[in-house]
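*Asks:* build me a model:
(chains A and B)
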Amino acid sequence: MSYDDYLAGDPVVITAALTGGVHGKEASPHLPETPEEIADAAEACEAAGASVVHLHARRENGERSFSRERFQELTDAVRERTDLIVQHSTGGTGAPDDIRHEPLRTDPAPDMASLDMGPLNRYQHLTSENTRGLVESLAEEMRERGIKPEMEVFNGGHLNEVHELLDRRPDLLEEPIYTTLIFGGGTTAMPTPDTFRSLVNHLPRGAQFNTLGFGQHQLPFGAMGIVFGGHVRVGLEDNRYFRQGELATNAQLVERAATLAETLQRPVATPDDAREILDI
Amino acid sequence: MACPYLEYREADEERSFETARAYCTAVDAFVQPMRADICNDRYELDHTTDCEFYRNAER
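*Replies:* Below is the predicted model:
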């Protein structure tokens, strides 16, 4: 994807990452945790222009859950209220490999699921390993269940891993390849325009890309994603603020991304448009 | 075994919640849900090795 794709005026797919698994209501009262709160937020985000919803499940007290049952309750609530493409997270720092598969096992299966393409550091003494063996076994189950992988590229090394997986197991991935390029601090890609251009230039041929900037980088990197023919992910999982000192809601962040896309003269994809673009 | 600095509280001086949440008495703050898994030694996590708050408090 490139500036030519921007000039072509293809629709922008906006993903709403509503809740995540790292922080919770201790960080923002607007962050939804229960299935009902998450479904409310999903409905508001669909009205604001989102076409994909990225979901993490939680326990009653907001702590992480990887169980199929909690994901089932969550996905049922969201599907009942919206027509959004449902994308389950398979991320899970410190969680054993077997339970990382649980979010893929709802009925129906999620339309998409995240696939973290390599290791990333957490806090001072933790690393989310995401070994090649785990990545491949998750991709195999996604393939069996007809789930489209959203390959999360936290840095340039993870883009190597995308190419390596395509070379080693081309049977696991269907075109268009869908990646999320991630910018911020720590193990993520350096949040600079040069890094952004470099990652976009080295995507597999024909790959679609989604743009994720953490914190203050959500807005400018979303704009770059739109201008360079990509898609955009926003939401409280990645950024709690609308502007400095002002907490956001998920719908506000989606609405701002949609306004930005329309201002830059790229239409905002409906869920049906997004299904066609992503071949879901 | 859970971290000895872990408590579940419904409120601190600034905020209150409908459900009791993980609170770290080593740093006097509610902790992130991901960190609460370390506090509770869930999955493959161990507060004695994985948590800098515990390690700093025990120095």
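
*Asks:* please count neighbours and contacts with C-alpha atoms only from this point.
*Replies:* Fine.

*Asks:* so how far is chain A from the residue nearest to the spatial centre of chain B?
*Replies:* The residue lying closest to the centre of chain B (C-alpha atoms, centre = their mean) is residue B:24, at 4.0 Å. Relative to chain A, residue B:24 is positioned 12 Å away (C-alpha to the nearest C-alpha, to the nearest Å).

*Asks:* tell me the contacts of that residue?
*Replies:* When contacts are counted by C-alpha atoms under 8 Å, 6 or more residues apart in numbering or on different chains, residue B:24 touches B:5, B:6, B:7, B:30, B:31.

*Asks:* secondary structure, pLDDT and distance to residue A:212 for the residues you listed - can I get that in TSV?
*Replies:* Below are the contacts of residue B:24 laid out as TSV (DSSP: H, G, I helix; E, B strand; the rest coil; pLDDT from 0 to 100; distance: C-alpha to C-alpha, whole Å):
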residue	secondary structure	pLDDT	distance to residue A:212
B:5	coil	98	35
B:6	strand	98	33
B:7	strand	98	34
B:30	strand	97	27
B:31	coil	97	25
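
*Asks:* which PyMOL command selects the buried ones in those residues?
*Replies:* Here is the PyMOL command that selects the buried residues among the contacts of residue B:24 (16 or more other C-alpha atoms under 10 Å in any protein chain shown):
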select buried, chain B and resi 5+6+30+31
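
*Asks:* and chain A, which of the contacts of residue B:24 contact it?
*Replies:* Filtering those for neighbours of chain A using C-alpha under 8 Å from any C-alpha of the partner chain leaves B:30, B:31.

*Asks:* coming back round to it: mind checking the backbone torsions on the residue nearest to the centre of chain B?
*Replies:* The phi and psi torsions at residue B:24 (degrees, to the nearest 10) take the values phi -100, psi 120.

*Asks:* and residue A:167, by the same measure?
*Replies:* phi -70, psi -40.

*Asks:* just to revisit the earlier point, for the contacts of residue B:24, which one is nearest chain A?
*Replies:* Using C-alpha to the nearest C-alpha, residue B:30 comes nearest to chain A of the contacts of residue B:24, at 6.5 Å.

*Asks:* give me the pLDDT value at the closest residue to that closest one other than its chain neighbours.
*Replies:* Nearest residue to residue B:30 in three dimensions, chain neighbours excluded: residue B:23, at 4.2 Å (C-alpha to C-alpha, 6 or more residues apart in numbering or on different chains). We note a pLDDT of 98 for residue B:23 in this prediction.

*Asks:* many thanks, have a good one.
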